[in-house]
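[1] below are the sequence and a predicted model; questions follow.
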Amino acid sequence: MPSSRTRHRGTVDGAPRRRSRDLLRLRVGIDSGGTFTDLVALGGGIELAFKLPSTPDDPARAVERALDELGRRLADRLPRRLARHGRAPPVELEVVHGTTVATNALLEGRAARVVFVTNAGFEDLLEIGRQARPDLYDLHPRRPPPLVDRALRMGVDERTLADGTRLRRPSGRELDALLRRVRAARPEALAIGLLHAWREPAGEREIERALRRLRLPISRSSDVAPLLREYERFSTTVANSALAPLCRRYLGRLARRRARTRLFVLQSNGGLTTARAAARAPVRIVLSGPAGGVAAAHSRLRAAGAAGAITLDMGGTSTDLGLVLGEPRRTDQVDLDGRPLLVDALEIHSIGAGGGSRLWIDDGGSLRVGPRSSGADPGPACYGRGVEPCLTDAHALLGRLPLEERLGGAIALDAGRSLAAIAPLARRLRASPVAVAAAALDVADAAMERAMKRVSLERGHDPRELALFVFGGAGGLHACRLARRLGMREVIVPPWPGATSAWGMATSDARLAVAQGLVREVDGRAGAELERAFARLSARARRELRSELGPGPVRIERVAACRYRGQSFELQVPFARDLRRRFEALHQQRFGFRHSGSAVECVALHVAAIRRSPPPRRGAARDDPRAARLEPVLARFPDSGDLEPRRVPRLRRDELRPGRTVRGPFVLLESTATTIVEPGFQARVDSSGCLRLGLRP
């Protein structure tokens, strides 16, 4: 976390630290999702977690409400300190925010008006893209429109060769003319992308100097993504410019409203950064929310002693999946609705299956679940505002949710509305509403099963040898069903599963990633040359991290992107002198073969500078199992092949003593989520606080 010597006054990172001995410092994670906004607060012996409905029209309102609610809950806990010190201690918050603002702006076309400057004759490259077809048999493929209209893509007479030689450079007169054209277009931000600028950025810098007089945010491809492949590099640079004004306003507004609050943002790579840095490079936070869950899974799995797991984060709008094998899998490129973005990111696969996913019948008469979602407004029918049937309504109708309690402490559920919403589908399908609800669970499970195989089997890992780490508000409702379908050995449910992403944000490390493209054959002489290049890149990463967060210990990670010569894709290999051997071993594991006689190329270097966050001092948890049992409930378990309701016990998780084993079926309740322990499974809480589910022997 940041050093106490870092200056913060007058920046979007909030107020300066106080040195008072009585100061109560809390690290707060806030995950702003499509349906709920989750908050976790840790520190000073305090542990809090709760959920509030999101405000999709203005996500900042939900964040403000969450912080206000935190203040009210803290006020209830501080009188004990008041009795000791004679006054309530001042409270300083370090807030790590995971936001979907950048993602939604790109998906919904709400990005800023951008002028893109590139080489004359290459203005249409953003629209041409690649020839890859996302769906081979789709006769009418849909591609997202470019973020920059054709009239706003402007060419200059500049050419740099692949080896970095400047063949032509624009004259001062041409740059003055460009300035006039750009000013007349009235953009909100500028993006500059030239051919081979990753090798020689001088041309982009000249254009940037000429356009600075406009006092607009400027993104250069040689700064945002200095890597090979011009289309992907340009796409990333334009996205960064298109997001900059919006994210700057959003983060600045949040910081200004909060005294004694230091605002940080979670990046797509699972590491935090300052709000100021996130506002400069918003393209790095497009997977901000899901990354918090994978980062939390890594920490929780390590504490639970589990080596490898598929992570499944099922929320209200989508399900996000990842793979953790000692360390989370990382990538240097993500695809957002058909737009490639060259960013350091945790490898996450998302599908449109969440608690708010709508149930509908397609033209062929088949029941479908998602990808459309009711989100937070109006939400599933059982929330009391919507009328469209959703996956949560199927669970409510089957008795798998606590209808007499408030979901997330805020929403009362009404199974009668779920029945009314599902009944029209049942009539069309000539089935009972209960049968349709059970079928909806099967359809959602099938989609999640396919996604789980994609992140495991398609990458050479047998899911039967992995654990399933589930979280999110709806993850525990499907956990045992999915584990049975894939023959997985164990299910792990962390504490506060519905707020696990927020917990990951509150405990995340700072991470600053830099990259540099190159083309170098991995031969006997490559080791020393790559070592020198990595040393320069590592020094830059350390310098930039310390400039943001102040002095402190920094750990460096080094990864080389390698491929066989002629391949159009790379594998990320932890750097060592035996780089070729490591690459070929990874290629064999991933694809089942290697080309021992072919040349291996290194085409990019990736360095991450990491500042560890100190673990917060935790409070004591209650562990009296006598208070755990509630009144039994009638619930249905379609996975067992029987739709008749069973009378099953309900337990409260926060009262279960570690080591205690409970046989299913039963319903486990807690403040942020519900977990269904299906027939044939048993559950116990381990010493780390995680719930371990497995088939009974």
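    Sure thing, it's come through. Numbering: from 1, shown residues only.

[2] for the host helix or strand of residue 453, buried residues please.
    Residue 453 belongs to helix 433-455 when assigned by DSSP states H and E. For helix 433-455, burial by neighbour count (16 or more other C-beta atoms under 10 Å) applies to 433-434, 436-441, 443-445, 447-449, 451-452, 455. Just so you know, the C-beta spots here come from the backbone N, C-alpha and C atoms, and that holds for glycine as well.

[3] hey, which helix or strand in the chain has the poorest pLDDT?
    helix 79-85 (a mean of 53; mean pLDDT, DSSP states H and E).

[4] now the helices for the stretch 201-350 of the chain?
    202-211, 221-224, 230-256, 275-280, 288-304 (DSSP state H, counting those that start in this stretch).

[5] and the angle for the longest one with helix 202-211?
    What that stands for is helix 230-256. 40 degrees (axes from the mean of the first three to the mean of the last three C-alpha atoms, to 10 degrees).

[6] helix or strand: which one has the nearest residue to residue 399 once chain neighbours are set aside?
    Nearest non-adjacent residue to residue 399, counting by C-beta to C-beta, 6 or more residues apart in numbering: residue 635, 3.9 Å away. Here residue 635 sits within strand 633-637, counting by DSSP H and E.

[7] thinking the residue nearest to residue 399 is in contact with residue 397, fair?
    No - with contact defined as C-beta atoms under 8 Å, residue 635 does not count as touching residue 397 (10.7 Å).

[8] those two: which is more packed in?
    Set side by side, residue 635 and residue 397 show more neighbours around residue 397, with 27 against 19, by other C-beta atoms under 10 Å.

[9] now do the contacts for that one.
    415, 418-419, 422, 433-434, 437 (C-beta atoms under 8 Å, 6 or more residues apart in numbering).

[10] for the strand holding residue 635, packing partners?
    Under the contact definition 3 or more C-beta pairs under 8 Å, 6 or more residues apart in numbering; DSSP states H and E, strand 633-637 sits against strand 642-648.

[11] quick one: contacts for residue 591?
    So residue 591 contacts residue 460 (C-beta under 8 Å, 6+ apart).

[12] start from the N-terminal end of the stretch 551-697 of the chain and give the helices.
    Under DSSP H, counting those that start in this stretch, the stretch 551-697 of the chain gives helices at 579-591.

[13] pop the domain breakdown of the protein in here.
    24-104+251-278, 284-352+445-505, 357-443, 510-611 (automatic domain parsing).

[14] please identify the deepest-packed of those domains.
    domain 284-352+445-505 (a mean of 23; mean count of other C-beta atoms under 10 Å).

[15] what distance separates the start and the end of that domain?
    Start and end residues of domain 284-352+445-505 are separated by 15 Å (C-alpha to C-alpha, to the nearest Å).

[16] let me see the mean pLDDT of that domain.
    The pLDDT scores in domain 284-352+445-505 average 93.

[17] ok, residue 97 - contacts?
    By C-beta under 8 Å, 6+ apart, the residues touching residue 97 are 30, 32, 63, 254, 263-266, 275, 288, 505.

[18] change it to 7 Å
    Residue 97 sits next to 30, 63, 263, 265-266 when contact means C-beta atoms under 7 Å, 6 or more residues apart in numbering.

[19] mind picking the two most distant members of those?
    63 and 266 (13.3 Å; C-beta to C-beta).

[20] how far does stretch 553-571 sit from the chain's center?
    In this view, stretch 553-571 has its centroid 22 Å away from the chain centroid, taken as C-alpha atoms, centre = their mean, to the nearest Å.

[21] same deal with stretch 330-343?
    13 Å.

[22] can you list contacts of that stretch?
    If you take C-beta under 7 Å, 6+ apart as the criterion, stretch 330-343 is touched by 103, 106-107, 134, 143-144, 225, 227, 232-233, 235-236, 239, 268-269, 283-284, 286-287, 344-347, 515, 561, 572, 604, 606.

[23] among those residues, which are located in strands?
    345-346, 515, 561, 572, 604, 606 (DSSP state E).

[24] excluding covalently adjacent residues, which one is nearest to residue 112?
    residue 188 (4.0 Å).

[25] need the contact list for the one you found.
    Contacts of residue 188 (C-beta under 7 Å, 6+ apart): 112-113, 216, 245.

[26] and residue 182, by the same measure?
    115, 154, 190, 211, 214.

[27] okay, and it sits in which element?
    helix 172-185.

[28] quick one: which two of the ones in strands among the contacts of stretch 330-343 are the most distant?
    346 and 604, at 17.9 Å, using C-beta to C-beta across the ones in strands among the contacts of stretch 330-343.

[29] ramachandran coordinates for the nearest residue to residue 374 once chain neighbours are set aside?
    Among residues not flanking residue 374 along the chain, residue 356 sits closest, at 4.5 Å (C-beta to C-beta, 6+ apart). Residue 356 adopts backbone torsions of phi -90, psi 0, taken as degrees, to the nearest 10.

[30] same question for residue 632.
    The phi and psi values for residue 632, taken as degrees, to the nearest 10, are phi -60, psi 170.

[31] state the distance from the nearest residue to residue 459 once chain neighbours are set aside to residue 35.
    Nearest residue to residue 459, sequence neighbours excluded (C-beta to C-beta, 6+ apart): residue 590, at 6.3 Å. Using C-beta to C-beta, to the nearest Å, residue 590 is found at 35 Å from residue 35.

[32] ok, residue 224 next?
    Taking C-beta to C-beta, one finds residue 224 at 32 Å from residue 35.

[33] likewise residue 152?
    35 Å.

[34] what sits against residue 379?
    By C-beta under 7 Å, 6+ apart, the contact set of residue 379 is 35, 356, 385-386.

[35] next: residue 248.
    residue 279.

[36] which residues touch the residue nearest to residue 315 when sequence neighbours are not counted?
    Leaving aside its chain neighbours, residue 315 sits nearest to residue 472 (4.5 Å; criterion: C-beta to C-beta, 6+ apart). Shown in contact with residue 472 (C-beta under 7 Å, 6+ apart): 313-315, 497-498.

[37] so which of those sit within strands?
    Checked against DSSP E, those include these in strands: 313-314.

[38] and the contacts of residue 472, which is closest to residue 159?
    residue 313 (46.2 Å).

[39] from residue 133, how far off is the closest one?
    On the measure of C-beta to C-beta, residue 313 and residue 133 end up 29 Å apart.

[40] if we can go back for a sec, same list (the helices of the stretch 201-350 of the chain) but as JSON lines, adding distance to residue 543.
    JSON lines is the format used below for the helices of the stretch 201-350 of the chain (distance: least, C-beta to C-beta, whole Å):
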{"stretch": "helix 202-211", "distance to residue 543": "19"}
{"stretch": "helix 221-224", "distance to residue 543": "15"}
{"stretch": "helix 230-256", "distance to residue 543": "21"}
{"stretch": "helix 275-280", "distance to residue 543": "13"}
{"stretch": "helix 288-304", "distance to residue 543": "24"}
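
[41] how about these, which one is nearest residue 23?
    In terms of C-beta to C-beta, the element of those nearest to residue 23 is helix 230-256, at 19.5 Å.
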